[in-house]
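>>> quick one, what's the 3D model for this:
(chains A and B)
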Amino acid sequence: MDIVIKGLCKAYQRPVLTNLNLTLPAHQVTALMAPSGAGKTTLLRLILGLEKPDAGEITGLEGQRLAAAFQEDRLLEHLSAVDNIRLVIPALTEKDILPHLKAFQIENAARQPVRELSGGMRRRVALLRALLAEADVLLLDEPFNALDEATRAQVIRAAAALLRNRTTLLVTHDEGEAALMGARVIHLAAADSASPQPG
Amino acid sequence: MKKPMIRFWAVAVWLLVWQTAAWLVGKPILLVGPVEVLTRLFSLAQEASFWQAVWGSLWRIAGGFFLAFALSVPLALGASRLRWLRELLSPLMLTIKTVPVASFIILALIWFSSRTLSILISFLMVLPILYSHLLDGLGQVDRNLREMAAVFRVPRLRYLRCVALPQLMPAFLTGCRIALGLGWKAGIAAEVIGTPAGTIGKWLQQAKLYLDTPDLFAWTVTVVALSVCFERLTLLCLRGLQRLLERV
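Below you'll find the predicted structure:
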């Protein structure tokens, strides 16, 4: 089912999203590109149900299970990479998770508390947690940030393989990332003229 | 700031000061030194009545603590989710915290038997401290992690074990430490006033009646030792329980 956003408005001290209309086609990857402060993260929070819109509506989420790679990693510092993933997907065993950690080049960090990992490694754990979750809709907020150039391409390819035709919204600043993820690109303008244009 | 450590040399200095003061005063009815206290304690420990009193006070005060512990957990969990419950409990906890312990002791002596007095007093001293520390700890769980758990639909019990518990535990352990110290002080004070048979408080009261300063010091040392051992053991068990529960 498509996720349809109609007339969405959200303001804090200033308007962040104004009359946003957007469709996220089912089973496709949509990459959202926008300048900083255009409300990308706010849009994700609204879709996740963590914020209520001031006006407008989001339809197509009924009965859908969501997963997200947040802008911050939001990992439990004292737990290992495997346990952070198992916290949200208890059905997976360490044996199930290890090949994915290997594909993301963090197999050596499997049993290490994530507080001991580098920013790039933590980012990959957070992304993998979202991708492995039993979700119908994935929201990925700049998931490849903090990755060095050498690992980025391989991680993107590994991530793309785990999307499994799920409806995905990818927030990114990099058209190359969007292309590697096979995404349809949408440009979101600043809040006061928020009318996305297909790229 | 790091927690100050108890150094052997510092303890030795204070024991020396105490012993010197006892020698200078020269009247055991006013002040006895540590050597005399230990001697008296050793001789008391040979008697069955000593161990009966130790057990009598221990089970009552520990009982009060564990009852308060058992009640504070569901109350704090409920209050963290239900605003009306938080508002309902707030004046009650504030009242228990601020009413002088002597008023509770006297009231409890009017209402109940002195046998159960120290259980009730220990319970009343411990409950608001554990409740407020637990509630504060639950309120301080990282919002980002709360949201993450909500998005991934982490079940409530798993959330409490793996997400909330590690974050609230430091505050809760501090609360336990404060509550344990206060529980022992107030519990023994209640026994001194209520003088239930077979308790340390009863023996302390007798020491006061007969101006038996060596006994007073010996029983006081016993209370301090019991309080410290009980605190260490309880905190050790709680940390062990935390490690067990946090497993994913």
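>>> show me the contacts for residue 34.
You didn't say which chain, so I picked chain A. A:Lys40, A:His187, A:Leu188, A:Ala189 (C-beta atoms under 8 Å, 6 or more residues apart in numbering or on different chains). Every C-beta, even on glycine, is put in place using the N, C-alpha and C of the backbone.
>>> hmm, no, I was thinking of chain B.
So B:Pro34 contacts B:Leu15, B:Trp18, B:Gln19, B:Ala22 (C-beta under 8 Å, 6+ apart).
>>> hmm, try it at 7 Å
B:Leu15, B:Trp18, B:Gln19 (C-beta atoms under 7 Å, 6 or more residues apart in numbering or on different chains).
>>> nearest spatial neighbour of the residue nearest the centre of chain B, chain-adjacent residues omitted?
Taking C-alpha atoms, centre = their mean, the centroid of chain B lies closest to B:Leu180, which sits 1.6 Å from it. Spatial nearest neighbour of B:Leu180, chain neighbours left out: B:Glu231 (4.5 Å); criterion: C-beta to C-beta, 6 or more residues apart in numbering or on different chains.
>>> in the strand or helix carrying B:Leu182, what's buried?
Taking DSSP states H and E as the definition, B:Leu182 sits inside helix B:165-194. Judged by neighbour count (16 or more other C-beta atoms under 10 Å in any protein chain shown), helix B:165-194 contains these buried residues: B:165-169, B:171-173, B:175-176, B:179-194.
>>> from the contact counts, what lies against the very next helix or strand once past that helix?
Next helix or strand after helix B:165-194 toward the C-terminus (DSSP H and E): helix B:200-209. Applying 3 or more C-beta pairs under 7 Å, 6 or more residues apart in numbering or on different chains; DSSP states H and E, one finds that helix B:200-209 makes contact with helix B:48-81, helix B:165-194, helix B:213-246.
>>> ok, the residue nearest to the centre of chain B - contacts?
Going by C-beta under 7 Å, 6+ apart, the list of residues near B:Leu180 reads B:Phe65, B:Ser227, B:Phe230, B:Glu231, B:Thr234.
>>> by neighbour count, which of the residues you listed wins?
The most crowded member of the contacts of B:Leu180, judged by other C-beta atoms under 10 Å in any protein chain shown, is B:Phe65 (27 neighbours).
>>> and the one helix or strand B:Val126 maps to, average pLDDT?
Using DSSP H and E, B:Val126 sits in helix B:117-139. The average pLDDT within helix B:117-139 is 94.
>>> list the buried residues for it?
Taking 16+ other C-beta under 10 Å as the criterion, helix B:117-139 shows B:117-138 as buried.
>>> what's the answer for stretch A:32-48, then?
A:32-34, A:38-48.
>>> export these to JSON lines and tack on secondary structure, distance to A:Glu77 and pLDDT?
As requested, the buried residues of stretch A:32-48 are arranged in JSON lines below (DSSP: H, G, I helix; E, B strand; the rest coil; distance: C-beta to C-beta, whole Å; pLDDT from 0 to 100):
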{"residue": "A:Leu32", "secondary structure": "strand", "distance to A:Glu77": "29", "pLDDT": "93"}
{"residue": "A:Met33", "secondary structure": "strand", "distance to A:Glu77": "31", "pLDDT": "92"}
{"residue": "A:Ala34", "secondary structure": "coil", "distance to A:Glu77": "31", "pLDDT": "86"}
{"residue": "A:Ala38", "secondary structure": "coil", "distance to A:Glu77": "31", "pLDDT": "84"}
{"residue": "A:Gly39", "secondary structure": "coil", "distance to A:Glu77": "29", "pLDDT": "89"}
{"residue": "A:Lys40", "secondary structure": "helix", "distance to A:Glu77": "26", "pLDDT": "89"}
{"residue": "A:Thr41", "secondary structure": "helix", "distance to A:Glu77": "22", "pLDDT": "90"}
{"residue": "A:Thr42", "secondary structure": "helix", "distance to A:Glu77": "26", "pLDDT": "92"}
{"residue": "A:Leu43", "secondary structure": "helix", "distance to A:Glu77": "28", "pLDDT": "94"}
{"residue": "A:Leu44", "secondary structure": "helix", "distance to A:Glu77": "23", "pLDDT": "94"}
{"residue": "A:Arg45", "secondary structure": "helix", "distance to A:Glu77": "23", "pLDDT": "95"}
{"residue": "A:Leu46", "secondary structure": "helix", "distance to A:Glu77": "28", "pLDDT": "96"}
{"residue": "A:Ile47", "secondary structure": "helix", "distance to A:Glu77": "27", "pLDDT": "96"}
{"residue": "A:Leu48", "secondary structure": "helix", "distance to A:Glu77": "22", "pLDDT": "96"}
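>>> before we move on, back to that, got the helices and strands packed on helix B:200-209 as a markdown table, with distance to B:Asn144 and mean pLDDT columns?
Output for the helices and strands packed on helix B:200-209, formatted as a markdown table (distance: least, C-beta to C-beta, whole Å; pLDDT from 0 to 100):
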| stretch | distance to B:Asn144 | mean pLDDT |
| --- | --- | --- |
| helix B:48-81 | 17 | 95 |
| helix B:165-194 | 11 | 92 |
| helix B:213-246 | 19 | 93 |
